[in-house]
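Participant: Need the 3D shape of this:
(chains A, B, C and D)
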Amino acid sequence: MRGIISGDKFKTLLKDGMSIMVGGFLTNGTPEGLIDLVVEANIKDLTIICNDGGYPDKGVGKLVVNKQVKKLIASHIGTNPMVGTLMSEGKLEVELSPQGTLAERIRAYGAGLGGVLTPTGLDTLVQEGKEIITIKDKKYILEEALGADLALVGGAIADNYGNLKYNKTMRNFNPIIATACELVVCEPRKIIDEINPENVITPHPFVDYLLVGEYND
Amino acid sequence: MRGIISGDKFKTLLKDGMSIMVGGFLTNGTPEGLIDLVVEANIKDLTIICNDGGYPDKGVGKLVVNKQVKKLIASHIGTNPMVGTLMSEGKLEVELSPQGTLAERIRAYGAGLGGVLTPTGLDTLVQEGKEIITIKDKKYILEEALGADLALVGGAIADNYGNLKYNKTMRNFNPIIATACELVVCEPRKIIDEINPENVITPHPFVDYLLVGEYND
Amino acid sequence: MTDKEIIASRIALELNDGDLVNLGIGIPTLVANYVPKEKTVTFQAENGIIGLGGYVEGENEIVNAGGMGASILEGGAFIDTITSFTFIRGGHIAVTVLGALEVDQEGSLASWIIPGKKVPGMGGAMDLVTGAKKVIIATRHTNRGVPKILKKCRLPLTAAHQVNLIVTEMAVMKVEEDGLHLLEIHPSYTLDEIVKATEAELIINDVLPMKGVNL
Amino acid sequence: MTDKEIIASRIALELNDGDLVNLGIGIPTLVANYVPKEKTVTFQAENGIIGLGGYVEGENEIVNAGGMGASILEGGAFIDTITSFTFIRGGHIAVTVLGALEVDQEGSLASWIIPGKKVPGMGGAMDLVTGAKKVIIATRHTNRGVPKILKKCRLPLTAAHQVNLIVTEMAVMKVEEDGLHLLEIHPSYTLDEIVKATEAELIINDVLPMKGVNL
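Facilitator: So this is what the prediction gives:
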């Protein structure tokens, strides 16, 4: 870990056209303070990768409502009507990926693998345009690895070294996106002295910055 | 988890020709009591999948020395001279897999994926006979998923529900093999009432039996 | 019993001691209420719980797969999405119970999109239907009289040929190699009524009254 | 300084503050002894430690990648093999230092097998050489006079075209697109001696005395 970062410094890292992965499941475990800063910075043309589209006033939904998102890659968009509206108006590109596939694609990128060979989505719209690989007479869709410029990690308890563990169900995609982005910023719920080495979920070399202070809950 | 198992009951689960995954790294985290029972049962023609060949008197090395192994899939065999000897005599088939690839192949099986797309081993002996897949102009070896009949899991602290966490570096391959085998037996180092749900590494549905008692250390 | 209660209580009989089970949102969620006390069934929520407990109003640190406040039972575990779908895709889930827009006699399911109308997305449903050992569909037999159990799904599929059992308020149907077998019918309906409410061709032999139903 | 000490101390200068580093067995392990106090470098052991500490005689619950008793530093983490190789293959390791049987001017490495003689296996080396951002080879310049730095490896490869820097007791060499550049030579050796001990073609411009060497 490089250290603690202020909200202002964090905003200097943001750029139009970035790809950003955001942790959380229906906003449980989403770092709302970091999202608010991205809204304030008002950067545009973002590719957002998140389990879902959040809610209009919560999670990545705030970025959608603020028209900052060019493309959303998610498994579920039903909880944020704005996503459907902008999509049907042709103002937002949406790529739907099955939840397990989305997680594996991100993991594959973080682990230096080229892609994922999954049976999920065979004989559905999901396989369109994708290569089908047959292994031992079974078919699999080749889903490409998925990385991004920036990971916004939430739901964590951090220690002074930058190690993370996660609070209850807030874990979800957070440890996965922390492996797959050029820059990883975490807004922890609290910071403790040291996490027992056996209980660390995201070891500190995966983390670049912790954002603390007013955004902590 | 189905429950606690005795050594005698465990032996009734063993059969000639089985494939068995064994946890541990140079025997750190290998369940020696379970291995001793496999030696006692003296089943033959085994396929053993383990990080390494152990030592002649420790880990899967005991099975090799007792001539129970037909095929060994491992990343390293230098610490057990008996492996090299039997291999050169044509009495033991050895498949060497890079350590990260071996782990991913097992994980892929446990996760219902068809295989792994890895750059590791490109332009080496490891790629021989394997399909090469090109994704975004980069080449990857398609390594097939690897499962087995039985997992022997060690190095664990278990709870009464069958959840596992692991002691220090004894974790290594143990949680991975627990996802990829028809039957999973763990020889824990100790059993406690309950592991904090945030610290569980192997949740109880992955585990079939715990073997306790004289084999605990 | 309401239609939903009929469906949920019948499906509960399909769960076995020791099963790891994932219940979808809606009618499937109700199945948990009918598991007999003597059976130990562990529920999974795909957002990251092994050992899901009941709803907890106002809880926001533990949520279920519908994003509602929930609880974890003793002996449970919090897991990440990768581990959750290792369970799901890797065949470690004994039974999943899901809803349907359409389901057909070949065991194919449509549940995630009505093109041009509604695109909620597939969430975890495609992985669940593909990976669970047994896939049970919990659905009303018709949508206001329009059959939902079809010869072939017309909406885009969630998965092809993966459904094992279909339970409605009228009947229990099993997908086999040779087609859709009508196994049980609710005593409130005649065989004729059920056949008329079903577009799929039903293979009918030895039909029993629906199990677990209190009239 | 012994040959090993020369190699290890020179390589230590390549490590930067904040780097995550994996050291192979043998000479590479010694590099840890020469990291300047002012730099924070985190060592990884591929069997499952982030924050590897020194050897601990008799310790058997914490071992390093050589299976020897070891320790973990404050702020460290124990991880499984999958996470360990996520670090390694995924490009999260800044530097790996490994030994060699042969290494060549194209940056290819042979280190895991001598066919017909010795087959220890590749362990984690193939993943490390493929995945680490910077691959440094720590090796004696020759094997008892027989060159180890070749035009092209003759033994089976660990990986092709992945080596960035080669450090021996005689010289520091960098693999570039156009070939192997001789960057630094140890003052105890003449340029001529080094060229003679090397089978690879060395590109020679602006050669400096080896850094970090105490005569």
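Participant: Kindly tell me how buried the residue in chain C positioned nearest to chain D is, as a neighbour count.
Facilitator: Closest to chain D within chain C is C:Ile82: 9.5 Å, counting by C-beta to the nearest C-beta. To be clear about C-beta, it is placed using only N, CA and C from the backbone, and glycine gets the same treatment. Applying other C-beta atoms under 10 Å in any protein chain shown, we find 20 other residues in the vicinity of C:Ile82.
Participant: List the buried residues in the helix or strand containing it.
Facilitator: Element membership for C:Ile82 (DSSP states H and E) is helix C:81-89. Within helix C:81-89, the residues scored as buried using 16 or more other C-beta atoms under 10 Å in any protein chain shown are C:81-89.
Participant: now stretch C:67-76
Facilitator: C:67-70, C:72, C:75-76.
Participant: In terms of helices and strands, where is the spatially most central residue of chain C?
Facilitator: Central residue of chain C (C-alpha atoms, centre = their mean): C:Val97, 2.4 Å from the mean position. Taking DSSP H and E as the definition, C:Val97 sits inside strand C:95-98.
Participant: Check which helices and strands that strand sits against.
Facilitator: strand C:20-23, helix C:125-131, strand C:134-138 (3 or more C-beta pairs under 8 Å, 6 or more residues apart in numbering or on different chains; DSSP states H and E).
Participant: quick one, what contacts the residue lying closest to A:Gly17 once chain neighbours are set aside?
Facilitator: The shortest distance from A:Gly17 to any non-neighbouring residue, by C-beta to C-beta, 6 or more residues apart in numbering or on different chains, is to A:Asp45 (4.7 Å). Residues in contact with A:Asp45 (C-beta atoms under 8 Å, 6 or more residues apart in numbering or on different chains) are A:16-17, A:68, A:70.
Participant: Most widely separated two among those?
Facilitator: Farthest pair in the contacts of A:Asp45 (C-beta to C-beta) is A:Gly17 and A:Gln68. Separation: 10.8 Å.
Participant: Those two: who's more crowded?
Facilitator: Between A:Gly17 and A:Gln68, counted using other C-beta under 10 Å, the more crowded position is A:Gln68 (20 against 11).
Participant: where are the low-confidence patches of chain C?
Facilitator: For chain C, the stretches flagged by pLDDT under 70 are C:214-215.
Participant: Next to chain D in this structure, residues from it, please.
Facilitator: Counting by C-beta under 8 Å from any C-beta of the partner chain, no position of chain C is adjacent to chain D.
Participant: and if we set it to 10 Å?
Facilitator: Counting by C-beta under 10 Å from any C-beta of the partner chain, the residues of chain C lying close to chain D are C:Ile82.
Participant: what ranges do the helices span in chain C?
Facilitator: For chain C, the helices defined by DSSP state H occupy C:3-12, C:27-30, C:81-89, C:125-131, C:191-196.
Participant: Is there any residue in the fourth one that contacts chain B?
Facilitator: When you say that, I think you mean helix C:125-131. Yes: looking at helix C:125-131 against chain B by C-beta under 10 Å from any C-beta, the contacts come from C:127, C:130-131.
Participant: Out of these, who's the most crowded?
Facilitator: Of all those, the most densely surrounded is C:Asp127 (34 neighbours; neighbours counted as other C-beta under 10 Å).
Participant: In three-state terms, label the closest residue to that residue other than its chain neighbours for me.
Facilitator: Take C:Asp127 and drop its neighbours on the chain: the residue closest to it by C-beta to C-beta, 6+ apart is A:Gly100, 3.7 Å away. What DSSP: H, G, I helix; E, B strand; the rest coil gives for A:Gly100 is helix.
Participant: about what we covered before: strands - which of the contacts of A:Asp45 land there?
Facilitator: Residues of the contacts of A:Asp45 located in strands (DSSP state E): A:Lys70.
Participant: How about the contacts made by the residue of chain C closest to chain D?
Facilitator: By C-beta atoms under 10 Å, 6 or more residues apart in numbering or on different chains, C:Ile82 lies in contact with A:100, A:103-104, A:106-107, A:172-173, A:175-176, B:107, B:111, C:48, D:82.
Participant: show me where chain A has helices.
Facilitator: Going by DSSP H, chain A shows helices at A:7-12, A:32-41, A:61-65, A:81-88, A:99-110, A:174-177.
Participant: Nearest to D:Val35, out of those?
Facilitator: For the helices of chain A, proximity to D:Val35 was assessed by C-beta to C-beta; helix A:99-110 is nearest, at 26.9 Å.
Participant: Just give the closest residue to C:Ala100, not the sequence neighbours.
Facilitator: Nearest to C:Ala100 is C:Thr139, by C-beta to C-beta, 6+ apart, at 4.4 Å.
Participant: neighbours around that neighbour, how many?
Facilitator: C:Thr139 has 24 nearby residues by other C-beta under 10 Å.
Participant: same question, the one 3 residues further on
Facilitator: Using other C-beta under 10 Å as the criterion, C:Thr142 is surrounded by 17 other residues.
Participant: go on, the one 10 residues further on?
Facilitator: As a burial measure, the neighbour count of C:Lys152 was computed by other C-beta under 10 Å and equals 12.
Participant: same thing with A:Ala41?
Facilitator: When neighbours are counted by other C-beta under 10 Å, A:Ala41 registers 17.
Participant: Tell me what the closest residue to C:Asn64 other than its chain neighbours is bridged to.
Facilitator: The spatial neighbour of C:Asn64 that comes closest, neighbours along the chain excluded (C-beta to C-beta, 6+ apart), is C:Ala70 at 4.0 Å. Beta-bridge partners recorded for C:Ala70 (DSSP bridges): C:Tyr55.
Participant: which residues sit in contact with C:Ala70?
Facilitator: Contacts of C:Ala70 by C-beta under 10 Å, 6+ apart are A:168-169, C:43, C:45, C:47, C:49, C:52-56, C:59, C:61-64.
Participant: I figured C:Gly48 hits A:Gly24, correct?
Facilitator: No: using C-beta atoms under 10 Å, C:Gly48 is not in contact with A:Gly24, being 11.2 Å away.
Participant: A:Ser75 and chain D: what is the separation?
Facilitator: Note on A:Ser75: its distance to chain D, by C-beta to the nearest C-beta, to the nearest Å, is 22 Å.
Participant: and that residue, what does it touch?
Facilitator: A:Ser75 is in contact with A:25, A:50-53, A:96-103, A:173, C:81, C:112, C:121-127, counting by C-beta under 10 Å, 6+ apart.
Participant: Ok, A:Glu182 next?
Facilitator: Residues in contact with A:Glu182 (C-beta under 10 Å, 6+ apart) are A:18-19, A:147-151, A:208.
Participant: of these, closest to B:Ile135?
Facilitator: Nearest to B:Ile135 among those, counting by C-beta to C-beta, is A:Gly147 at 12.9 Å.
Participant: Nearest spatial neighbour of the closest one, chain-adjacent residues omitted?
Facilitator: Distances taken as C-beta to C-beta, 6+ apart put A:Tyr109 closest to A:Gly147, at 3.9 Å, once the chain neighbours are dropped.
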